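Participant: please work out how this folds:
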Amino acid sequence: MENALATTGAGGVPAAPATKFANPLTQIGGIMKNPAVKRSLPMIFIVGLVLSAALAWMALATPPQRTLFPQLPDSDKQAVVDALGAAKITSHVDDSGGITVAEDDYHRARILLAGQGLPKAAPGGYAILDQLPMGVSRAVEGERLRQARETELAKSIGEIESVADARVHLAMPESSVFVRDNAQPSASVIVRLEPGRSLTQAQVRSIVNLVASSVPGMKADQVTIIDQMGALLSKPTDGSEGSTLSDERIDYQRRIEDKYRAQLNTLLTPLLGAGNFSAEIQADVDLDQSQATRESYDKQGVVRAEQGNWQGNTPGETTPGGIPGALSNTPPAASTLATATPGPAGATVQPGTAPGATPPVKTSENFNRAYDLGKEVSVTRAAPGSIRRLSVAVLLREPEGAKPRTPAEIQQINDLVKAAVGYNQQRQDTVTVISRKFSPDATATDVARPWYDADWVPLAARNGTALVIALLVLFMGVRPMVKAINEKRKADAAAETARAAAAEAAQQAALTAPAGPEPVSMAMLETAQGYDDRVGLVRGFTRDNPTRAALAIRDMIQSDAKS
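Facilitator: As a prediction, this is how the structure comes out:
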């Protein structure tokens, strides 16, 4: 009896367990058995499914992110985020402190920030020298100057179109008073190229010359350039510029071939259509530079100086003779005046000869003459670039389902090609034009990239996946739960109907059944006359009111214990 009373509380409700903390699973099970929780459980499950679908949608609908700036100071980071927010570009700060934007907004964000001059906090170039405190050592000044040069060179290289950014490392040894100990400075440049871009050899040589010209005493062969993939872009040279000249010659030959190929494409595309022909050109270009010097002399020569004398007699003059004596002293006869006869045109009058007189006859002469021979100096320089021979091959696509081209049509196209490339028979140029059917794989000249590489595929995949998840939640979660709720409601309605019918049947049975004994009350116990009658009433009262009987017995036990 005492054990029964100890485990029973007021109103017959079981007392609380002796333990202070019950099993959590038991408590959860008790909560789940609560009728209110049972009724709201389907709604809780539906709300959970909807929230899960919303989270999945948010996770899949977020576009791929691309790092805009990996590391920035906090001031610049806030300025960049504010500028992007003002332009309605969603940005995020990842765990490493970098700013990321959607891949579709990356280039627009870069252009926007570049227009506003962001970021600004990184000191650049010679601004580093302004931060030098007073009294620093010469070594620190040299290192800061080197750092400033590196930064300025990196900025200059970054201005090239295909270069995203660059870093420059200068190795500048200290000067020595001994010539044998002097080392030449060198430089290493790493460039990060834009996606899908590359540097030409001309651009690489420009970077080499830029760096070599910016550092005193640095030669071009001491500059090394690599890209972000570790590929060596600068070619080592031996200082003879042979490789540079070879590259220039190859580039020149390629330009010549591209020029002729463009002329053929311009000529044949309107006639045959794009993709209906293929043209290749091989130009044998004379890239040798020659120089010739020639000297020639005139065989006749020209008199430069003449010096001498001559002797002669006049015709008809009597030569003195005989024995000198009296006759020799005889005066000459009287002279007579005669009319002078002009000599022939162009006749040379000897010195001492009167005009019209007969020239004397030379008897002897003695002259020293100096002659100058004719001299001609000719210098010929042949500039490189002349074409030695030109070979042109044109393949025509045979039309599908049509008649093959006639030899006359092929000859007309051949003549057009010869006229376009400047055919020269003396150079032994060759032009070949044939017509054949193209291979099925080669005819697809405009092959598009696969559909799964298109730009719309990632967006469609994200949206499609989110839609599939929503449909799965709807058909596999919400729909069965709604169906179960409806079936439960129908079952509850049927059970309520059955209970109402049972209650009505019990009421009818109670009305039709004979009346039972009258329940015992406290007034009847107080008015009982005999012991037997009182015992019978107590039994009836205990049967009708067990709880009140138990309370009465407990009170009696407690009163006995106190007494």
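Participant: all strands of this protein, in order?
Facilitator: With DSSP state E as the criterion, the chain has strands at 65-69, 91-93, 99-102, 163-171, 186-193, 223-227, 277-286, 290-297, 302-313, 361-372, 375-382, 386-397, 430-436.
Participant: would you turn those into CSV with distance to residue 468 and mean neighbour count?
Facilitator: (Each C-beta comes from the backbone N, C-alpha and C, glycine too.) Output for those, formatted as CSV (distance: least, CB to CB, whole Å; neighbours: other CB atoms under 10 Å):
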stretch, distance to residue 468, mean neighbour count
strand 65-69, 23, 17
strand 91-93, 26, 15
strand 99-102, 23, 20
strand 163-171, 39, 17
strand 186-193, 39, 19
strand 223-227, 42, 19
strand 277-286, 47, 17
strand 290-297, 76, 9
strand 302-313, 107, 10
strand 361-372, 106, 10
strand 375-382, 75, 9
strand 386-397, 46, 17
strand 430-436, 51, 15
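Participant: surely residue 46 and residue 478 touch.
Facilitator: Yes - using CB atoms under 8 Å, residue 46 is in contact with residue 478, at 5.7 Å.
Participant: still on that earlier bit, in TSV, list the strands of the chain along with distance to residue 420 and mean pLDDT.
Facilitator: Below are the strands of the chain laid out as TSV (distance: least, CB to CB, whole Å; pLDDT from 0 to 100):
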stretch	distance to residue 420	mean pLDDT
strand 65-69	48	84
strand 91-93	55	87
strand 99-102	50	88
strand 163-171	38	89
strand 186-193	37	92
strand 223-227	39	93
strand 277-286	10	88
strand 290-297	30	72
strand 302-313	54	73
strand 361-372	55	74
strand 375-382	26	72
strand 386-397	9	89
strand 430-436	10	91
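Participant: a markdown table please, covering the ones you listed and showing distance to residue 51.
Facilitator: Listed next are the strands of the chain as a markdown table, based on distance: least, CB to CB, whole Å:
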| stretch | distance to residue 51 |
| --- | --- |
| strand 65-69 | 24 |
| strand 91-93 | 22 |
| strand 99-102 | 25 |
| strand 163-171 | 42 |
| strand 186-193 | 43 |
| strand 223-227 | 48 |
| strand 277-286 | 62 |
| strand 290-297 | 85 |
| strand 302-313 | 115 |
| strand 361-372 | 114 |
| strand 375-382 | 85 |
| strand 386-397 | 62 |
| strand 430-436 | 67 |
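Participant: how much space separates the residue most central in space within the chain from residue 103?
Facilitator: Among the residues of the chain, the one closest to the centroid is residue 195, at 1.8 Å (CA atoms, centre = their mean). Going from residue 195 to residue 103 by CB to CB, to the nearest Å gives 11 Å.
Participant: list the contacts for residue 273?
Facilitator: Listed by CB atoms under 8 Å, 6 or more residues apart in numbering, residue 273 has no contact partners.
Participant: can you rerun that using 10 Å?
Facilitator: Residue 273 makes contacts with 397, 399, as judged by CB atoms under 10 Å, 6 or more residues apart in numbering.
Participant: next one, pLDDT for it please.
Facilitator: On pLDDT, residue 273 comes in at 86.
Participant: can you check residue 384 too?
Facilitator: Reading off the model, residue 384 has pLDDT 70.
Participant: check whether it really touches residue 256, as I assumed.
Facilitator: No - applying CB atoms under 10 Å, one finds residue 384 not in contact with residue 256, separated by 11.6 Å.
Participant: does residue 306 touch residue 365 like I think?
Facilitator: No - between residue 306 and residue 365 there is no contact under CB under 10 Å: 11.2 Å.
Participant: can you tell me which of the strands of the chain comes nearest to residue 499?
Facilitator: strand 91-93 (59.8 Å; CB to CB).
Participant: just the residues contacting the closest one, thanks.
Facilitator: Here strand 91-93 makes contact (CB under 10 Å, 6+ apart) with 62, 65, 68, 72, 77, 80-85, 98-102, 105, 109.
Participant: distance between the ends of stretch 196-207?
Facilitator: Terminal residues of stretch 196-207 are spaced 20 Å apart (CA to CA, to the nearest Å).
Participant: and it, how far out from the chain middle?
Facilitator: 14 Å (CA atoms, centre = their mean, to the nearest Å).
Participant: kindly report the same for stretch 387-401.
Facilitator: For stretch 387-401, the separation from the chain centroid amounts to 36 Å (computed by CA atoms, centre = their mean).
Participant: would you mind writing the CA trace of that stretch as PDB?
Facilitator: Once non-C-alpha atoms are left out, stretch 387-401 reads as follows in PDB (Å, rounded to 0.1, in the frame of the first residue of the first chain):
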ATOM      1  CA  ILE A 387      61.700  37.800-105.300                       C
ATOM      2  CA  ARG A 388      63.800  35.200-106.900                       C
ATOM      3  CA  ARG A 389      60.900  32.800-107.600                       C
ATOM      4  CA  LEU A 390      57.200  32.500-106.800                       C
ATOM      5  CA  SER A 391      55.300  29.300-106.600                       C
ATOM      6  CA  VAL A 392      51.500  29.400-106.300                       C
ATOM      7  CA  ALA A 393      49.100  26.500-105.900                       C
ATOM      8  CA  VAL A 394      45.300  26.900-105.900                       C
ATOM      9  CA  LEU A 395      42.900  24.100-105.200                       C
ATOM     10  CA  LEU A 396      39.400  24.600-106.400                       C
ATOM     11  CA  ARG A 397      36.400  22.900-104.800                       C
ATOM     12  CA  GLU A 398      34.500  20.800-107.200                       C
ATOM     13  CA  PRO A 399      30.800  21.700-107.000                       C
ATOM     14  CA  GLU A 400      28.600  18.900-105.600                       C
ATOM     15  CA  GLY A 401      26.100  17.500-108.000                       C
END
